[in-house]
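**Q** Sequence and predicted structure are below.
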Amino acid sequence: MRARRFEWNGEAQVVADKIRLWASELSEPVDVAPIGAAVLERGDAAVLELTNRFDATDAPLDSTAVDLDQAAAALAALAPEMRAALDVAAANVRAVAKAQLTPPTPVDLPQGQTVTVREVPVGAAGIYAPGGRAAYPSSVLMCAIPARAAGVGRVALASPPGPDGKLHPLVLAAAALCEVDEIHAVGGAQAIFALAYGTETIAAVDVIAGPGNAWVREAKRAVYGSVGIDSLAGPSELMLIAGHDVDPEWAALDLCAQAEHGADSPLVLVAVEEHVLEAIAAAAERAAAARPSVADAPLALVQVPEIEAAIALANAYAPEHLELDEDDAELMAERVITAGCVLVGRYSATAFGDYVAGSNHVLPTGGAGRFSGPLGPAAFRRRISSVDLGADAAAALAPHANVLASAEGFPVHGESAMIRGSS
């Protein structure tokens, strides 16, 4: 890990900005425009060419479409312990997703009219699950289950194949468990553009959701407006606020676990006591050195004068994951307003939230927790307002509508209202 100390100067936002700037220094800009143009112009031909160039390098594909029977077979072939783990994760994510659905909310207003806001699912959702040389069945669950809970009619999964041109059996099994309607062996920016614009094989969707690398993120940014997206999730991140009785080894493993996501995954360790900060940093360095899967992620160390300052820094930084390893973690959690997911208490490791707790691991990163939250059914639903006016309500509201319409230079709007108000 690349550790660096940041001095607390009493200004939480200034310290948070310095940490983000330092952690992003090694990130390279990407340009997805040529990929988008190629997919839009040449459709399947471009998608296949890019997939075979970047992913299916040993066994080029003739088509990116994957037969659903392959997913069913992969699910049936799972080892019992793996099937049990997927079932537990899926059941918990499904329960939390269903709890977020809300019924229509009619509002009766003083003039006699009723306005009802109801939610309906989008017609089609595109799910992106990272893949290629590794498998991420958990991302399939985290995206497809909320889409299904939302009532989406068509769920299409895109995930990059390995060099052999095949999707990992675990990704296929998760797709079968979630009952996705289509599976496409295509990844990266080309997958996002194909889902957004459509090709001969992949029909366009209404919303795209799922985590990915910088190419996926920038492609989602480029297609937003043509389709909806869940968020612009960047590198995974963790802030850990450590109390005086923290177990340094536990905290170190939590930091190292997050560093498995890559060298661009920022880590922030905050503590009041100097010896706690030093003990965890040393334990993290030892743990990382002994574990090959842990990348050289940036670790920012911040000593704060009191726990209130730690909460202020968390709210300014808006971390994707925030672990509160403190005696009063429950009370602290109530004061956190920007984190994507708050892990409360010493037993609430981020790993549980990533896999089986029921919370969603598709979370806002890069400070986006200031205006967005975890992926849920709402990402796959849209609101519709219904307005029901009777004669009395029209008569009461028409003069006011006429005044406003005239002021804005739309006199016929006013006429349209007044003719009903005088009937």
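**A** Okay, I see it.

**Q** ok, longest helix in this structure?
**A** With secondary structure taken from DSSP state H, the chain has its longest helix at helix 80-99.

**Q** roughly how far apart are residue 254 and residue 287?
**A** 10 Å (Cβ to Cβ, to the nearest Å). The way it works is simple: take the backbone N, C-alpha and C, and place the C-beta from them, glycine included.

**Q** what's the answer for residue 24, then?
**A** With Cβ to Cβ as the criterion, residue 24 and residue 287 are 24 Å apart.

**Q** Of the two, which one has the most company?
**A** Set residue 24 next to residue 287 and count neighbours by other Cβ atoms under 10 Å: residue 287 wins out with 21 against 14.

**Q** could you say which helix or strand contains that one?
**A** If you go by DSSP states H and E, residue 287 is part of helix 274-289.

**Q** How is this protein divided into domains?
**A** Taking automatic domain parsing as the domain assignment, the ranges for the chain are 2-27+235-357, 33-106+120-230, 389-421.

**Q** Run a quick neighbour tally on residue 85.
**A** 16.

**Q** so what's residue 423 scoring on pLDDT?
**A** Residue 423 carries a pLDDT value of 69.

**Q** So, low pLDDT: which residues of the chain?
**A** For the chain, applying pLDDT under 70 flags the ranges 423.

**Q** ok so, going back, so which of the domains of the chain comes closest to residue 371?
**A** Nearest of the domains of the chain to residue 371, taken as Cβ to Cβ: domain 2-27+235-357 at 9.0 Å.

**Q** Leaving out sequence neighbours, find the closest residue to the spatially most central residue of the chain.
**A** Among the residues of the chain, residue 362 comes closest to the average C-alpha position under Cα atoms, centre = their mean, at 3.0 Å. The shortest distance from residue 362 to any non-neighbouring residue, by Cβ to Cβ, 6 or more residues apart in numbering, is to residue 375 (3.7 Å).

**Q** pretty sure the one you found contacts residue 360?
**A** Yes. The criterion here is Cβ atoms under 8 Å, and residue 375 meets it with residue 360 at 4.7 Å.

**Q** so what sits against both of those two?
**A** 142, 146 (Cβ atoms under 8 Å, 6 or more residues apart in numbering).

**Q** Check the burial of residue 158 by counting its neighbours.
**A** For residue 158, the count of nearby residues is 31 (other Cβ under 10 Å).

**Q** same deal with residue 258?
**A** Burial of residue 258 is recorded as 28 neighbouring residues (other Cβ under 10 Å).

**Q** quick one: contacts for it?
**A** Neighbouring residues of residue 258 by Cβ under 8 Å, 6+ apart: 236-238, 265, 267, 297, 321, 350.

**Q** Specify the local secondary structure of it.
**A** Following DSSP: H, G, I helix; E, B strand; the rest coil, the label given to residue 258 is helix.

**Q** My guess is residue 351 contacts residue 256. True?
**A** No. Look at residue 351 against residue 256 with Cβ under 8 Å: they stay out of range, at 10.8 Å.

**Q** Tell me which of the two has more neighbours.
**A** Shown here are residue 351 and residue 256; by other Cβ under 10 Å, residue 256 has more neighbours (25 against 17).

**Q** Point out the other helices and strands that the helix or strand encompassing residue 386 packs with.
**A** Element membership of residue 386 [criterion: DSSP H and E] is strand 381-388. Contacts defined by 3 or more Cβ pairs under 8 Å, 6 or more residues apart in numbering; DSSP states H and E place strand 381-388 against strand 114-121.

**Q** ok, the strand it packs on: who's next to it in the sheet?
**A** strand 105-108 (antiparallel), strand 381-388 (antiparallel) (DSSP bridges).

**Q** next helix or strand past it?
**A** Next along from strand 114-121, by DSSP H and E: strand 124-128.

**Q** List the neighbouring strands of that next one plus their orientation.
**A** Sheet pairing of strand 124-128 (DSSP bridges) gives strand 154-159 (parallel), strand 207-209 (parallel).

**Q** so which of the ones you listed comes closest to residue 407?
**A** Minimum separation from residue 407 across these (Cβ to Cβ) falls at strand 207-209, 37.4 Å.

**Q** Just give me how far the closest one sits from the chain centre.
**A** 10 Å (Cα atoms, centre = their mean, to the nearest Å).

**Q** Now do the buried residues in the next helix-or-strand element following it.
**A** Using DSSP H and E, the next helix or strand after strand 207-209 towards the C-terminus is helix 214-223. Residues of helix 214-223 classed as buried: 214-220, 222-223 (neighbour count, 16 or more other Cβ atoms under 10 Å).
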